[in-house]
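Trainee: Kindly return the folded structure for what I paste below:
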Amino acid sequence: MKKILGSTLVLGAAVVLAVGLSGAGNSAKVKSNSADWAEDYPEEFNTWKKTAGSDEIIDLLEKKPQLIILWAGYGFAKDYNAPRGHFYALQSNRNTLRTGAPTDANSGPMPTACWTCKSSDVPRVMQEVGELEFFTGKWAKYGPEIANSIGCADCHDSESADLTISRPYLERALQETGFDLSKATEDDMRSLVCAQCHSEYYFKPTEWTDAEGNKKTAKVVTFPWRNGMSAEAMEKYYDALNFKDWTHKISRAPMLKAQHPGYEMFMTGIHGQSGVSCADCHMPTVTVDGSTFTDHNIRANPLDDMENTCLRCHESDKDLLKAVVARKLERKEELMEITMNNLAKAHLEAGKAWELGATEAEMAGILLDIRHGQWRWDYAIASHGSFFHAPEETLRILGVANDKAQSARIKLAKVLAKYGAAGYVAPDFSTKEKAQKLAGVPFRKLVDEKKAFRKGLLKEWEKAALKKGLFDPKLLEGMSDHTSYD
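Mentor: Numbers count the residues shown, from 1 in each chain. Predicted structure coming up:
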């Protein structure tokens, strides 16, 4: 057993990984169109296509309007939906209000890095242009090149079909932890290919010079694992850099946005510590008509197929296991709601304090509490399934997050009283409309601009990709195009 970052990875027989530091991990030319894999891997391909069944849009800002206050001034306050199947990852990325409405290759709010985990074309483009060039420029730059959703080439070498790391930033992060990829086992890889995208990251500004001598800045996806994988270790990493994802529009706090630290949380739980891989539960091996293969119809909730997942290891009653998980979820949801409400009120109370004339010296400790409290809350909930992967760690982190939110509010009460607002009550943010108004989100304008993009530039991208033969249009037949705002 090898300890890395407070977690345990099981190491065994060596498996050579084809990973480069300047391009994609696949050793052969990347076959980004998953339809090209169908002839050799029909069962895997046909089950992968079934992820198209996960097409429901769940507007989480509608369900949890506190999120809008927590993310005021950041893209997630505009639009945030529950994740869908891999088949829809690219469409969701194109449609979300967060990626904006660019009008050409150099416009829009987001960098190219926002494609990174949404398409099997990403390893291909990285291989063709180099990693630093890929991470340079605006999201719209690669609109005509990114045509396939998450698929085979994201996790498999295009020549051998072996599991491989296609995103070089994961290799660099693991090297910082002291983990030797050359000694990774097949079971390790069944989690590490998932870790490429289901991990916390930030966009690290990186200066570089291209072959023509042009100085450029790449925003490179980077995992903050240098100090460890815990919420506290990553917080220390970011604080040392004086890094912030954005300045909160209401409280002015320098904020961190947790992305989806699923791998990190998983590795702290009993399954990760016991050597269970992500694929064991989410992509189990099945036998159909005498053929045994890995089912690529991702189980977002393994409890929906317990015979092929949980019950292969647990000799327990199915209903009992479901009841245990349900109780864990209830506990997490209760504490999460309390924490979200306290953080949202802290932001609003801080905004009032600024309005009344509070000084930076008076607000410094308060803003730090808000930053650290919200980071922990976000770290716990952005890791989808954290209540199952690591229930004790999830509740611990949420508990500390709520304590820091309460600490900020106690300090704010004193500041508000000093400026004559002892009885201040934060305004109502109980609906999406009310919360977005408080956060200054111009929702209808954003929607109108996005619809124009989808009818205009996006259609041009699709035509260009089709002309280049980048994707199979038959795969898209009957595909829904839902959004939360149509």
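Trainee: could you pull out the strands for the stretch 201-350 of the chain?
Mentor: Secondary structure of the stretch 201-350 of the chain (DSSP state E, counting those that start in this stretch): strands at 202-209, 215-222, 246-247, 254-255, 285-288, 291-294.
Trainee: Quick check, pLDDT for the residue located most distally from the centre of the chain.
Mentor: The centre of the chain is farthest from one residue, residue 420, which by CA atoms, centre = their mean lies 42.2 Å away. Each residue has a pLDDT score; the one for residue 420 is 98.
Trainee: where's it relative to residue 357, distance?
Mentor: Remark: distance between residue 420 and residue 357 (CB to CB, to the nearest Å) = 10 Å. Using the backbone N, CA and C atoms, a C-beta is placed for each residue, glycine as well.
Trainee: where do the contact lists of those two overlap?
Mentor: Contact criterion CB atoms under 8 Å, 6 or more residues apart in numbering; residues shared by residue 420 and residue 357: none found.
Trainee: picking up where we left off before, among the strands of the stretch 201-350 of the chain, which is the most enclosed?
Mentor: strand 254-255 (a mean of 21; mean count of other CB atoms under 10 Å).
Trainee: so what secondary structure elements neighbour it?
Mentor: strand 246-247, helix 360-382 (3 or more CB pairs under 8 Å, 6 or more residues apart in numbering; DSSP states H and E).
Trainee: what sits up against it?
Mentor: Counting by CB under 8 Å, 6+ apart, 74, 244, 245, 246, 247, 248, 367, 371, 374, 375 sit against strand 254-255.
Trainee: Save the strands of the stretch 201-350 of the chain as JSON lines, and put in mean pLDDT and distance to residue 485 too.
Mentor: Output for the strands of the stretch 201-350 of the chain, formatted as JSON lines (pLDDT from 0 to 100; distance: least, CB to CB, whole Å):
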{"stretch": "strand 202-209", "mean pLDDT": "98", "distance to residue 485": "26"}
{"stretch": "strand 215-222", "mean pLDDT": "98", "distance to residue 485": "27"}
{"stretch": "strand 246-247", "mean pLDDT": "98", "distance to residue 485": "22"}
{"stretch": "strand 254-255", "mean pLDDT": "98", "distance to residue 485": "25"}
{"stretch": "strand 285-288", "mean pLDDT": "94", "distance to residue 485": "38"}
{"stretch": "strand 291-294", "mean pLDDT": "95", "distance to residue 485": "36"}
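Trainee: Let me have those strands in CSV, extended by distance to residue 444.
Mentor: What follows is the strands of the stretch 201-350 of the chain, written out as CSV (distance: least, CB to CB, whole Å):
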stretch, distance to residue 444
strand 202-209, 29
strand 215-222, 30
strand 246-247, 23
strand 254-255, 25
strand 285-288, 47
strand 291-294, 45
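Trainee: so which of these comes closest to residue 182?
Mentor: strand 215-222 (22.2 Å; CB to CB).
Trainee: could you give the angle of the closest one to strand 202-209?
Mentor: For strand 215-222 against strand 202-209, the angle by axes from the mean of the first three to the mean of the last three CA atoms, to 10 degrees is 150 degrees.
Trainee: what's the distance between strand 215-222 and the middle of its chain?
Mentor: From the chain centre to the centre of strand 215-222 is a distance of 19 Å (CA atoms, centre = their mean, to the nearest Å).
Trainee: same question, stretch 40-49
Mentor: 25 Å.
Trainee: quick one: pLDDT of the residue nearest to residue 439 when sequence neighbours are not counted?
Mentor: Nearest residue to residue 439 in three dimensions, chain neighbours excluded: residue 72, at 3.7 Å (CB to CB, 6 or more residues apart in numbering). On the pLDDT scale, residue 72 is placed at 98.
Trainee: Which secondary structure elements does the longest helix belonging to the chain sit against?
Mentor: As assigned by DSSP state H, the longest helix anywhere in the chain is helix 318-356. Under the contact criterion of 3+ CB pairs under 8 Å, 6+ apart, helix 318-356 touches helix 66-70, helix 360-382, helix 386-389, helix 391-418.
Trainee: what's the most buried one of the ones you listed?
Mentor: helix 66-70 (a mean of 26).
Trainee: ok, residues contacting the helix or strand that comes right after that one?
Mentor: Toward the C-terminus, helix 66-70 is succeeded by helix 89-95 as the next helix or strand (DSSP states H and E). Outside helix 89-95, the residues that touch it by CB under 8 Å, 6+ apart are 81, 83-84, 99, 114-115, 117-119, 146-150, 450, 454, 458, 479, 481, 483.
Trainee: Just the buried residues of those residues.
Mentor: 81, 84, 99, 114-115, 117-119, 146-150, 450, 454, 458, 483 (16 or more other CB atoms under 10 Å).
Trainee: and the residues you listed, which of them are in helices?
Mentor: Using DSSP H, the buried ones among the contacts of helix 89-95 in helices are 450, 454, 458.
Trainee: re earlier: out of the strands of the stretch 201-350 of the chain, which is closest to residue 169?
Mentor: Closest to residue 169 of the strands of the stretch 201-350 of the chain is strand 215-222 (CB to CB; 4.9 Å).
Trainee: For the closest one, which helices and strands make contact with it?
Mentor: helix 131-134, helix 168-177, strand 202-209.
Trainee: list the helices and strands the longest one packs on?
Mentor: Under the contact criterion of 3+ CB pairs under 8 Å, 6+ apart, helix 168-177 touches helix 186-195, strand 215-222.
Trainee: Let me know the pLDDT of residue 269.
Mentor: pLDDT, residue 269: 94.
Trainee: State the number of residues packed around residue 308.
Mentor: Residue 308 is flanked by 17 other residues according to other CB atoms under 10 Å.
Trainee: residues in contact with the closest residue to it other than its chain neighbours?
Mentor: Nearest non-adjacent residue to residue 308, counting by CB to CB, 6+ apart: residue 284, 4.4 Å away. Counting by CB under 8 Å, 6+ apart, residue 284 touches 294, 295, 299, 302, 305, 308, 309, 312.
Trainee: next one: phi and psi at the closest residue in space to residue 484 that isn't next to it in sequence?
Mentor: Sequence neighbours aside, residue 59 is the residue nearest to residue 484 in space, at 4.0 Å (criterion: CB to CB, 6+ apart). As for residue 59, its main-chain torsions (degrees, to the nearest 10) stand at phi -80, psi 100.
Trainee: ok, now residue 274?
Mentor: phi -100, psi 0.
Trainee: Compute the distance between residue 173 and residue 221, please.
Mentor: In terms of CB to CB, residue 173 sits 10 Å off from residue 221.
Trainee: Now pLDDT and distance to residue 409 too, for the ones in helices among the buried ones among the contacts of helix 89-95, in a markdown table please.
Mentor: Shown next, in a markdown table, are these (pLDDT from 0 to 100; distance: CB to CB, whole Å):
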| residue | pLDDT | distance to residue 409 |
| --- | --- | --- |
| 450 | 98 | 36 |
| 454 | 98 | 42 |
| 458 | 98 | 44 |
